[in-house]
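Novice: Structural data only, the sequence is not supplied:
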């Protein structure tokens, strides 16, 4: 006989929908807990913080993307392709794109693309967290880094294989980080990777993002550049986006540690006013 405690509604292993920490993530949470069959029109507020790195906006977008990576334990699968929800997500993605382009700046064209890509892949402006950990030998910092990297790696793995039943996607479900502790700058990298993956127009950017993330050389996708030279600028854009979001995260993590503070959100964090809500 089946275990009466065993989940049989298809939500076994799914993560819990995180608590809100601002008006936007609260609206997303409230909507996702409703029955999508009974919702025809949705009205959304504008982000109150940075669409890319803000703790509230980044969590809101992460919750929306989570519908495509196995879903949330409390939500209906009907939200995954709900037209109103997708339309609002697209609006938020447009604001994220504007922020990314502001971060990245102008992308060279022509022969400058390959050299620009080589410089991005071979040089890293971000200080080494590994060096810090080796010097400090701080077990709590190691735990915090595992929490940050777990979000990046699990989302990336899910994006590469793209399927809630794949072995890689299950890795994200095995990582039990409390999402209410994950700051916006960490979620930002996961969100950008999801945005590049879920939209075919970002194909080149996804290649560049992954190439930088894996520290691959230009030669790793030389065939792509040869067959589809029109993707060159997009690939460079993706690589720079990966580098910039990584650098932002590393600086903020190390900055917190240097101040003898946690790099994760806590009830006392200044940017986590609604952490306990």
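Specialist: Perfect, thanks for sending it. Note that the structure is predicted; figures quoted are calculated from it, not measured. Numbers count the residues shown, from 1 in each chain.
Novice: how far does stretch 195-206 stretch from start to finish?
Specialist: Stretch 195-206 has an end-to-end distance of 9 Å (C-alpha to C-alpha, to the nearest Å).
Novice: Give me the residues contacting it.
Specialist: Residues from elsewhere that reach stretch 195-206 (C-beta atoms under 8 Å, 6 or more residues apart in numbering): 65, 68, 93, 96-97, 159, 162, 193, 209, 228, 231-235, 237-238, 241. All C-beta spots, glycine's among them, are computed from the backbone N, C-alpha and C.
Novice: Now do the buried residues in stretch 239-255.
Specialist: Of all the residues in stretch 239-255, those buried under the rule 16 or more other C-beta atoms under 10 Å are 239-246, 248-250, 252-254.
Novice: Could you do stretch 138-146 as well?
Specialist: 141, 144-145.
Novice: Could you dump the buried residues of stretch 239-255 into CSV and include pLDDT?
Specialist: Shown next, in CSV, are the buried residues of stretch 239-255 (pLDDT from 0 to 100):
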residue, pLDDT
239, 87
240, 89
241, 92
242, 90
243, 88
244, 90
245, 92
246, 89
248, 92
249, 92
250, 91
252, 95
253, 94
254, 94
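Novice: Among the residues you listed, which lie within helices?
Specialist: 239-246, 248-250, 252-254 (DSSP state H).
Novice: returning to that earlier point: I'd like the buried residues of stretch 138-146 laid out as a markdown table, including distance to residue 134.
Specialist: Formatted as a markdown table, the buried residues of stretch 138-146 follow (distance: C-beta to C-beta, whole Å):
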| residue | distance to residue 134 |
| --- | --- |
| 141 | 11 |
| 144 | 16 |
| 145 | 12 |
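Novice: that older thread, same list, the buried residues of stretch 239-255, but as CSV with distance to residue 150 please.
Specialist: Formatted as CSV, the buried residues of stretch 239-255 follow (distance: C-beta to C-beta, whole Å):
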residue, distance to residue 150
239, 23
240, 24
241, 21
242, 18
243, 21
244, 21
245, 16
246, 15
248, 18
249, 13
250, 16
252, 17
253, 14
254, 18
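Novice: out of the residues you listed, who's nearest residue 182?
Specialist: residue 249 (10.9 Å; C-beta to C-beta).
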